[in-house]
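# Just a sequence and a predicted model for now, questions to come.
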Protein chains: 8
Amino acid sequence: MGQDKMIDILKAVQRHDIDVDTARQKLVTNKEALPFADLDLERQQRTGYPETVFGEGKTAEQITAIIEKFRENEQVVLCTRISPEKAHYVSQKIAQAKYYQTARCLVIGDKMTASPDSYIAIVSAGTSDIPITEEAAVTAETFGNRVERVYDVGVAGIHRLFEHLDVIRGAKVVIVAAGMDGALASVVGGLVASPVIALPTSIGYGSSFNGLSALLTMLNSCAEGVTVVNIDNGFGAAYSASVINHM
Amino acid sequence: MGQDKMIDILKAVQRHDIDVDTARQKLVTNKEALPFADLDLERQQRTGYPETVFGEGKTAEQITAIIEKFRENEQVVLCTRISPEKAHYVSQKIAQAKYYQTARCLVIGDKMTASPDSYIAIVSAGTSDIPITEEAAVTAETFGNRVERVYDVGVAGIHRLFEHLDVIRGAKVVIVAAGMDGALASVVGGLVASPVIALPTSIGYGSSFNGLSALLTMLNSCAEGVTVVNIDNGFGAAYSASVINHM
Amino acid sequence: MGQDKMIDILKAVQRHDIDVDTARQKLVTNKEALPFADLDLERQQRTGYPETVFGEGKTAEQITAIIEKFRENEQVVLCTRISPEKAHYVSQKIAQAKYYQTARCLVIGDKMTASPDSYIAIVSAGTSDIPITEEAAVTAETFGNRVERVYDVGVAGIHRLFEHLDVIRGAKVVIVAAGMDGALASVVGGLVASPVIALPTSIGYGSSFNGLSALLTMLNSCAEGVTVVNIDNGFGAAYSASVINHM
Amino acid sequence: MGQDKMIDILKAVQRHDIDVDTARQKLVTNKEALPFADLDLERQQRTGYPETVFGEGKTAEQITAIIEKFRENEQVVLCTRISPEKAHYVSQKIAQAKYYQTARCLVIGDKMTASPDSYIAIVSAGTSDIPITEEAAVTAETFGNRVERVYDVGVAGIHRLFEHLDVIRGAKVVIVAAGMDGALASVVGGLVASPVIALPTSIGYGSSFNGLSALLTMLNSCAEGVTVVNIDNGFGAAYSASVINHM
Amino acid sequence: MGQDKMIDILKAVQRHDIDVDTARQKLVTNKEALPFADLDLERQQRTGYPETVFGEGKTAEQITAIIEKFRENEQVVLCTRISPEKAHYVSQKIAQAKYYQTARCLVIGDKMTASPDSYIAIVSAGTSDIPITEEAAVTAETFGNRVERVYDVGVAGIHRLFEHLDVIRGAKVVIVAAGMDGALASVVGGLVASPVIALPTSIGYGSSFNGLSALLTMLNSCAEGVTVVNIDNGFGAAYSASVINHM
Amino acid sequence: MGQDKMIDILKAVQRHDIDVDTARQKLVTNKEALPFADLDLERQQRTGYPETVFGEGKTAEQITAIIEKFRENEQVVLCTRISPEKAHYVSQKIAQAKYYQTARCLVIGDKMTASPDSYIAIVSAGTSDIPITEEAAVTAETFGNRVERVYDVGVAGIHRLFEHLDVIRGAKVVIVAAGMDGALASVVGGLVASPVIALPTSIGYGSSFNGLSALLTMLNSCAEGVTVVNIDNGFGAAYSASVINHM
Amino acid sequence: MGQDKMIDILKAVQRHDIDVDTARQKLVTNKEALPFADLDLERQQRTGYPETVFGEGKTAEQITAIIEKFRENEQVVLCTRISPEKAHYVSQKIAQAKYYQTARCLVIGDKMTASPDSYIAIVSAGTSDIPITEEAAVTAETFGNRVERVYDVGVAGIHRLFEHLDVIRGAKVVIVAAGMDGALASVVGGLVASPVIALPTSIGYGSSFNGLSALLTMLNSCAEGVTVVNIDNGFGAAYSASVINHM
Amino acid sequence: MGQDKMIDILKAVQRHDIDVDTARQKLVTNKEALPFADLDLERQQRTGYPETVFGEGKTAEQITAIIEKFRENEQVVLCTRISPEKAHYVSQKIAQAKYYQTARCLVIGDKMTASPDSYIAIVSAGTSDIPITEEAAVTAETFGNRVERVYDVGVAGIHRLFEHLDVIRGAKVVIVAAGMDGALASVVGGLVASPVIALPTSIGYGSSFNGLSALLTMLNSCAEGVTVVNIDNGFGAAYSASVINHM
């Protein structure tokens, strides 16, 4: 598109239809000719990731409208932070919408095909973290990744973690979700050689300060190879994990 | 003392040397007759703990003077947070003073005799925590406890911890010191049945915020049986551990 | 279990049914052979504590299912942070469930038998702290401890505290709950010789910052022998107190 | 002064030397005629408090110059936060300067005469608070107040406080200084009927966060009648106490 | 009471009905003989302040019960933080209850008689602060103080403040309430000679952080003679002001 | 007014109706004679800005009453933070009220006439920021400014921003609104020569801490020429922008 | 430059020296052809502001090298946060360097010519703020602005402010610097019609938290027309003020 | 090793040299037989990363001793946070030590060989970030990665970033370092398809709060594919980047 427009202008110069100054002006002011559009499209094409809609703070009507616009390009669309009520509304308008209630995700269209050769392990400390880990899991699957879930293996009973060590160590990239003390990320980080994405959750009370304790724990992980995303950002953890898994 | 004074007043009432009203007045206003003095003395006698001097913010002269006053009662005196310079000054004035440089502790008089039957395990994540853990260790030893040190067993290489599990699990009470992510306390808390005293240290940088990250981790420990003391409070951890160990 | 499996493998080696390499592989990968399972079971058996369910963020259905699973082992089950609505639902499914409304606790099965020789004193500053102190009290009682409640003795009227000093000083371990200024922990800490577990509550407003003021006060207690748990963590305070009381 | 100028203008109107419009203009634009100058002077005269110089961040030369300017009015001058080096410099230039080293205060001229009928009690938790409490004490004395010092009576050994209860309860206003847990303010607040000014100090380490813990404790005091000043603001506490004591 | 009991014991000693040791034991353990009860009663009698109930977190039933107990002594009772619903419930049970809706206060019995000679000025920055200032005003009036309200005189239009300067400067003590920037306290503090009690309110949004901005402003007031209470603590400000006004 | 009163007093002096002292007294105490009233009116006249009502925390009745009072002067009135319910109530009472639902603003009377020569550009990062940017836009338009909206051009897809660079660079002053990372303000600040007013929004979750992350980003902008207003303060950003645009 | 390069490419297309595809490739990859370079240069030319060097964290050698590079374009160079030692070093290498010690600024070359018609007023609360306000003043003067300094007019003695009201109100833009309570910004904001740039300083101690208290005060200013820069950012305040003053 | 030991035990069982029970006991208690040792060694062998010494808080003697121990295995050793003084000391003891002063890193032995096919781009906002980015660069190079440095391309002059877009977009993984507003990470995150590791630095002053502002910005990045490490953790960013680059 941007490329076509640019070539049109250059051909007009070549044909002497427009003079050099007019062409220069068009190139600078006409945004379609800007290299950025190209770059951005290229990125979209390379990564091939579906469009994503963050549902919090948007009405069901707005979400429906955005999905419909994205769907014109026939692409799969992922919506996160969708309440059951909003999901119900959208589903009535858009037949292909599939709702994952625990994950609060809505997927319109077919999930991308996952490569069977590698997978993302999603490890979580407790059952209360599951809404966040499922947001990560559904995101990763929609983006074409095989996911292995290893839930409820918090460090208070560390034998539970060791029982699943093979699965965790076999992953190409590991997401570790934990609230409260967030200690699981450091322990897993010390046991695997693959990159670990630490996902602090807001689970806890009192001095957990809505996930701050887990966030700080993870940022200060004594294990190497651990990077961190925002509190409760299951989508972001999965996105980064997907980029690495597809390498 | 308070008891003697009180008995004197009562005997004077009995002897009709003073009337009831005067006696009541004396009992209320004369602080020596207050039960608190007794209570406090009793506590001192029961716990039998040595006097302790917090050296930070005190001059070497002040510390020497306080020690000399305490020494009149022939008791052992423990001084914490003593710089080498202050230790040197005090040692020249008081012959029995023994300085523990890493722990920054000065002990005047003989350590109390430790019971051989039980011990306190002091577990630490890294070598940088040692000044704090040694403050705890010297405190505990001075207060008459056997101490087993298990240092440098942070969760990033968790096999190091398991190599010492027997020692840790054999302790009557366990102190776990860690800075940065503070995750060790939760892991140890999940592996032992004895009380765990978590000791956050200020080791770290950036978002460790001088120990805040470790403190919050430990307060939010997902393991049961873990209680927490102030950042870098090696003395306090050892004091509480000693009370429990002497039960 | 883990032990049996391990012996099976070793016997197979002994019988030359499998070769050494296969055995090594089985020992490393087969998690049932790991010593951790043993260790953990051992802990469970030694402490003998009932299973506990943290009810916040779980549905009544989930709680019921967890209880039923735990009950297969005939053990008593403690559920904390249970709203009246959830308690009502569970009680209809599980006959033996007994609900403690103020404590927001649900106990299924008989409380463990308390030793008559020692008790835990639970001291609180104000009447608003009672939901938290009752969570502690019900937890301690369920875990087989005698509990003495000394409520509403905040330092603003310190004579109230002294009126109960005998009870407090007679305890093997003392839990002190306070919100707002949290000062009670330091005062009690200075008056008793037993270990004090400070339990900050979120009672207060404005600059209490939901319990932060009380938490910091307690972490900085000028009295020795005080350790701290998370804000509103009545369960955790009672668990640690119980471990100490059973020594 | 402002008053004189104003009268001059009005007399000129009366004498028809200037017209009404010119007079109005002069009154509005000429700042000497503004009521604020009067008001402010009046305040100075009513309170009669000496000028005060906050020494931190000022050079010895600047401090000397300010003192000399203030001294033209023959008034006593109080300088706070003066290091020994600066005090030495000033003393060489200004003969009457008297330095209070612990309080880090410099007083030039005679302290104001204290009324013998009432006094300010300054109560402190520990010996480390003394530099701040002495700043308060020297300030109060310079401002013409009798001061009773009750130092080192922290709540960890509460009998020490009760031994001095008569002195504390006899004061017209009480300043309570404490660092760390800051609990002393609440305890004293519950024992006296006079106003209590709580003075948090930065004494402590770790989670005392340079006085934040004591500040929050005092702001959340469960005792009534307690107001708070900034951390380490010994001068401010004494100023307010002095205003109340002189009522 | 405590006094009577004490005298009984002493008379028994005098009569040789009990020996000295038994008497000492009774004095120490029998709490009714403790001087603190006396002290506290004395305080209650001296200050003569009504009982106060903090209504937040208490049910209407609890509040009613507490009021009824206090009313046995025929004293006026003040309840703060009472919602209209709770007020309605209480009013149906207790005839004399009078509800101040804006202040969210309930007063049972007659307000104490105010001295006509002096008054408390309550100054506020904006109309949104009024629920808090009215809590202060109703408290002060109930405690027997004349109150002058100077509302909505924030520093953004400082002429409004100057229009009321006479009233403010005539007060024996001034309460200054402000949210957001909290700047009013410093400005008033610079204009009056009487003690100023700064009352930060939680009015504001964004970086006001529920009153933290106003609280910090007030603690750092560049004007002398300003002390601070907790955010939204209208009751506390009025209590301290009342103590000073009654001097 | 104030001026008239002042002249009356001065004329009375001229006529010798009152003496100089009485006149001085009147000038000082009679607030109507204070220059501030004049100054303030002058300001109002110079800026010519409509009255503004902050609707949060005010009832619909109060808002209506305030509007009616302001409308006596025939001026346009702007109300911000008005919920649909309140808007509905007011609209029934005041016919000219026009409600802007997204902006949550109510405008009574005609917007001021905008100068066609210059405009304010309002740039926002995402669609969730629109309620805040519309508050800014409606405010600016009501205050007589032409506004160009450039919405949803966050830095994650920076080509979107460049497509609108001409419009942004053509503005006399630019408001940049962003939540989450707040990075847009720095990028725009580096691309334009006009003043930039950064408007952090509370959009985000987890460690955005309700706008704190965006606020800090903007305060630390590496681009020059950027100043900042409070989180979500669309009105304040527009007010400052309007002052600059009218220069 | 970028423009020349672009025209060269287009002319080559016109001359058929290169084909359209090659031209497109060159335009996209050759950064000299990017419109951004143009835009940026244009900005530099329009604003005409001198280059600025932030001296903190740079060595004297580095600073000298940067100045020399900038000086090739014959432009004036401003260096901020320069210690006397660094200034001394630079001055020996570069003859035209002029050092402003209080402002810690170094100016190389002639300050830009100020328009006589308008000026920036810099208002400060106390003498301790002067290093920051002088950084602002020297910056503004170097950038070609007339500056009027109104220092030491903090709100604790508000009459001082009113004495200078004419100067302040006459400015085209006002910078208000204050530490501690930061209240001056709100008061000035309410008295002037021109834009106010609030400059919080780190002056203060205790709960001023190094300028946080003043920063929050200013962000929450109840006066309209106030925007805020970072703590101690005298340069930034002056830069923004200069942009507005040159309008 | 662990593997050998395990096989020895199993062979002894096979040979009937020891019975099954003894074997089991040996396997459980003899730590050398624990699978963890194996696992850990395996990890070391797979990742092949050199040992790393964090130099802060260690003496030059301690660092030398640790290096010498590691060197027995002939491996390259990386030391971070090494002051010039410590580097000087170590270099005198260990001949092969090479010091990188800006990066404050000491490398003993040859850097690992980098694969020529892919590289890590390290992008930084300003020159002050270079000590941190060089720590990252030297770490990455020592671990066998090709590094492309793109320094001083902060968003305030965004054209600088675009000039290097090809290099940045060509990297397999990108590290983005920034202090102050930290905005660069979001901008780069929106322009590349590879994983971005955001590295906040403590560069800044005032409300940057030692890197907190940049940290929060990066955690809240509106661009997808961005994960974050601790403030100033150049080593950690490079470690994670290296793991990904070696995939």
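Received the coordinates, thanks. Fair warning: this is a prediction, and the values are worked out from it, not measured in the lab. Numbering: from 1, shown residues only, chains lettered A, B, ... in the order given.
# my read: A:Val20 touches G:Asp8, true?
No - applying C-beta atoms under 8 Å as the test, A:Val20 and G:Asp8 come out as separate, 9.4 Å apart. Yep, even glycine has a C-beta here, placed from its N, CA and C like the rest.
# residues from chain A in reach of chain H?
Chain A comes close to chain H at residues A:39, A:43, A:46-47, A:49, A:52, A:165, A:169, A:172, A:191-195, A:197, A:215, A:219-220, A:224-230, A:236-237, A:239-240, A:243-244, A:247, as judged by C-beta under 8 Å from any C-beta of the partner chain.
# Which of these fall in strands?
A:52, A:197, A:226-228 (DSSP state E).
# Widest-spaced pair of the residues you listed?
A:Thr52 and A:Val226 (24.8 Å; C-beta to C-beta).
# re earlier: look at A:Val20 and G:Asp8 and report which has more neighbours.
Between A:Val20 and G:Asp8, A:Val20 has the larger neighbour count (other C-beta atoms under 10 Å in any protein chain shown), namely 18 against 14.
# in what helix or strand does the residue nearest to that one when sequence neighbours are not counted lie?
Nearest residue to A:Val20, sequence neighbours excluded (C-beta to C-beta, 6 or more residues apart in numbering or on different chains): G:Leu10, at 4.4 Å. Applying DSSP states H and E as the criterion places G:Leu10 in helix G:2-14.
# what mean pLDDT does that helix have?
For helix G:2-14, the mean per-residue pLDDT is 77.
# Check stretch A:108-118 too.
88.
# Let me see the domain layout of chain A.
Structural domains assigned to chain A are A:31-108, A:119-245, following automatic domain parsing.
# tally of neighbours for the residue in chain A that chain C sits nearest to?
Residue of chain A nearest chain C, by C-beta to the nearest C-beta: A:Gly206 (2.9 Å). A:Gly206 is flanked by 23 other residues according to other C-beta under 10 Å.
# ok, which stretches of chain A are helices?
A:2-14, A:20-29, A:35-47, A:60-71, A:84-93, A:130-142, A:159-162, A:165-169, A:184-189, A:212-219, A:234-245 (DSSP state H).
# among those, which gets the worst mean confidence?
helix A:35-47 (a mean of 42).
# For A:Ala183, give me its contacts.
Residues in contact with A:Ala183 (C-beta atoms under 8 Å, 6 or more residues apart in numbering or on different chains) are A:125, A:154-155, A:217, B:155, B:181-183, B:186-187, B:217, B:221-222.
# From chain H, how far off is it?
A:Ala183 is 16 Å from chain H, where distance means C-beta to the nearest C-beta, to the nearest Å.
# Then A:Ala121?
15 Å.
# Quick check: the residue of chain A nearest chain H.
For chain A, C-beta to the nearest C-beta, closest residue to chain H: A:Thr227, 3.6 Å.
# Count the residues that sit near that residue.
Neighbours of A:Thr227 using other C-beta under 10 Å come to 32.
# Identify the residue nearest it in space, chain neighbours excluded?
Closest to A:Thr227 by C-beta to C-beta, 6+ apart is H:Thr227, at 3.6 Å.
# and the one you found, what is it in contact with?
So H:Thr227 contacts A:197, A:227-229, A:236-237, A:240, H:195-198, H:240 (C-beta under 8 Å, 6+ apart).
# swap the cut-off to 7 Å and go again
A:197, A:227-229, A:240, H:197-198 (C-beta atoms under 7 Å, 6 or more residues apart in numbering or on different chains).
# Identify the farthest-apart pair in those.
Checking the contacts of H:Thr227 with C-beta to C-beta, the most distant pair is A:Ile197 and H:Ala198, at 12.7 Å.
# Show me what residue of chain A gets nearest to chain E.
For chain A, the residue closest to chain E is A:Phe209, as judged by C-beta to the nearest C-beta, at 13.5 Å.
# From G:Thr217, how far off is that residue?
Relative to G:Thr217, A:Phe209 is positioned 24 Å away (C-beta to C-beta, to the nearest Å).
# Among the two, which residue is more densely surrounded?
G:Thr217 (34 against 21).
# Settle this for me: that one is touching G:Gly179, isn't it.
No - contact criterion C-beta atoms under 7 Å: G:Thr217 and G:Gly179 do not qualify, at 10.1 Å.
# give me the number of residues near the closest residue to A:Lys93 other than its chain neighbours?
Distances taken as C-beta to C-beta, 6+ apart place A:Thr64 nearest to A:Lys93, at 5.0 Å, with adjacent residues excluded. By other C-beta under 10 Å, 20 other residues sit near A:Thr64.
# Cheers, nothing more for now.
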